[in-house]
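S.K.: got a structure for you, letters missing:
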């Protein structure tokens, strides 16, 4: 599986000044937002601003994505250019993703033979989105799932506590759906508390333990912590490489039985986890 981003920074689509600065903020990817960050009265202005930004975008730098509106798909995808990796689809459900797929196909035809593949990050933000997460995960173009807990809380009547334990079952469903579909691990929800770096690190590490491998951010100051949490430490990488080397030695020796430095058997699950750590480390370094 190709490397995917650890951090996604939302940037309001109607703010040209913020768009111009965003590439230098350290995020692996930028999400140029036409949805929640833009008031209804400024949607058209946001499309014009994002289209202009994309038209002048340099080929180097972070990945560029556009978050579209679920009820304005046709108008929003018209801003896309060859500089865009794809779109974020809020309130993702199977029928909406089919509509998005058709709209993106039309844009690709307009752009010609060198048009990007236009992948999709599907945001689970509705009760039906949760129930259909397995279908959403295998929909055309879906690279990974994301989770919008603020929208879900409103629809489900949840009153989240400080540790947001109320979302644990839903987070698990999104992680399982992603793994079953063979797509990249999901993107965690934003942390809305901006002046509490300890909380940001704590909640991001919780997402890592729960199976997420990226997080979206609403402020540049959150990026460094998110990148750090989702990058394996040197000790973790060294341990993982030792596991893989032990397996390689066992296979060369013909025994097929690998053990660690303490003589403990290394089963398939341990080896798979070690390989995942090494892949993440290499992607972060690259």
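M.R.: Nice, thanks for sending it over. This one's a predicted model, so the numbers in the text were calculated from it and none came from an experiment. Numbers count the residues shown, from 1 in each chain.

S.K.: which residues sit against the lengthiest helix in the chain?
M.R.: Counting by DSSP state H, the longest helix found in the chain is helix 234-253. Identification of contacts with helix 234-253 by C-beta atoms under 8 Å, 6 or more residues apart in numbering yields 232, 256-261, 266, 270-271, 273-275, 277-278, 281. For the C-beta atoms, the positions are set from N, CA and C on the backbone; glycine is no exception.

S.K.: Drop anything exposed from those.
M.R.: 232, 258, 266, 270, 271, 274, 277, 278, 281 (16 or more other C-beta atoms under 10 Å).

S.K.: Just give me the least confident of those.
M.R.: Across the set of the buried ones among the contacts of helix 234-253, residue 258 stands lowest in pLDDT, at 75.

S.K.: Now for that one: which residues touch it?
M.R.: Neighbouring residues of residue 258 by C-beta under 8 Å, 6+ apart: 243, 246, 247, 249, 250, 251, 265, 266, 271.

S.K.: ok, now with 7 Å
M.R.: 246, 247, 250, 266 (C-beta atoms under 7 Å, 6 or more residues apart in numbering).

S.K.: how about these in TSV, adding distance to residue 86?
M.R.: Shown next, in TSV, are these (distance: C-beta to C-beta, whole Å):
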residue	distance to residue 86
246	39
247	35
250	41
266	37
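
S.K.: ok, which pair from those residues is furthest apart?
M.R.: 250 and 266 (8.2 Å; C-beta to C-beta).

S.K.: What are the structural domain limits within this structure?
M.R.: 7-229, 234-285 (automatic domain parsing).

S.K.: Go through those domains and pick out the most buried.
M.R.: The highest mean neighbour count among the domains of the chain, using mean count of other C-beta atoms under 10 Å, belongs to domain 7-229: a mean of 18.

S.K.: What's the mean pLDDT across that one?
M.R.: Average pLDDT, domain 7-229: 96.

S.K.: List the beta-bridge partners for the residue positioned nearest the centre of the chain.
M.R.: Among the residues of the chain, the one closest to the centroid is residue 187, at 3.7 Å (C-alpha atoms, centre = their mean). Per DSSP bridges, the residues bridged to residue 187 are residue 146, residue 214.

S.K.: Surely it touches residue 144?
M.R.: Yes - the pair residue 187 / residue 144 is scored as a contact, 6.1 Å apart, by C-beta atoms under 7 Å.

S.K.: any shared contact partners between those two?
M.R.: What both residue 187 and residue 144 touch, as defined by C-beta under 7 Å, 6+ apart, is the set residue 121.

S.K.: Kindly provide the distance from the nearest residue to residue 23 once chain neighbours are set aside to residue 17.
M.R.: Residue nearest to residue 23 in three dimensions, not counting chain neighbours: residue 61, with 4.6 Å by C-beta to C-beta, 6 or more residues apart in numbering. In this view, residue 61 and residue 17 are 17 Å apart by C-beta to C-beta, to the nearest Å.
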